[in-house]
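Enquirer: Give me the fold of what follows.
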Amino acid sequence: MGLLRVAVLAIGALLFVAGIGLVTLTGGAAVGAGIEAIVFGAVLIGAALLERSRYRSTHAETTSAAPGPGGGEPTDRPMETRFRRTDERFIDPTSNLTMRVWSDPTTGERRYRAED
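Expert: Here you go, the predicted model:
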């Protein structure tokens, strides 16, 4: 888990707990602010836990493997043999790299790899 994701998770947790404190300890005087803090904290927690790194495979994400160029699969090793190169390509808006789509015809899983 990256440092930014941990920071967002921590801020979300602090807001969530502070919101619960405002709702329960102020006797109703700050219920609105407490509910806002709870909702905003929950959104930050959800974003930190559900955010994924761009075009990475589930395997790469769960093993914390280093991403390849453009955030896709690494280019220094061959793609798994179950994946077939498709005609689909797009320009990654962040890196301006051309990304090629690879697909497993059996499962429909898609992976992305930067092209030269």
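Enquirer: quick one: the helix ranked longest in the chain to chain centroid distance?
Expert: Scanning the chain for the longest helix, with DSSP state H as the assignment, gives helix 3-25. Centroid separation for helix 3-25 versus its chain: 20 Å, with Cα atoms, centre = their mean, to the nearest Å.
Enquirer: who's in contact with it?
Expert: For helix 3-25, contacts defined as Cβ atoms under 8 Å, 6 or more residues apart in numbering pick out 1, 30-31, 33-49, 51. (Each C-beta comes from the backbone N, C-alpha and C, glycine too.)
Enquirer: in that helix, what counts as buried?
Expert: 8-9, 12, 15-16, 19, 22-23 (16 or more other Cβ atoms under 10 Å).
Enquirer: So the closest residue to Ala30 other than its chain neighbours versus Asp104, what's the distance?
Expert: In space, and not counting its chain neighbours, Ala30 is closest to Leu22: 4.6 Å by Cβ to Cβ, 6 or more residues apart in numbering. Applying Cβ to Cβ, to the nearest Å, the value for Leu22 to Asp104 is 49 Å.
Enquirer: Could you do Ile38 as well?
Expert: 41 Å.
Enquirer: Between those two, which is the more surrounded one?
Expert: It is Ile38, of Ile38 and Asp104, that has more neighbours when counted by other Cβ atoms under 10 Å, with 19 against 14.
Enquirer: Need the pLDDT of the more buried one.
Expert: pLDDT for Ile38: 95.
Enquirer: What distance do you get for it to Leu9?
Expert: When distance is defined by Cβ to Cβ, Ile38 is 16 Å away from Leu9.
Enquirer: continuing past the helix or strand encompassing Thr86, what's the next helix or strand?
Expert: Applying DSSP states H and E as the criterion places Thr86 in strand 84-91. Counting by DSSP H and E, the element after strand 84-91 in chain order, helix or strand, is strand 98-103.
Enquirer: No more questions from me, cheers.
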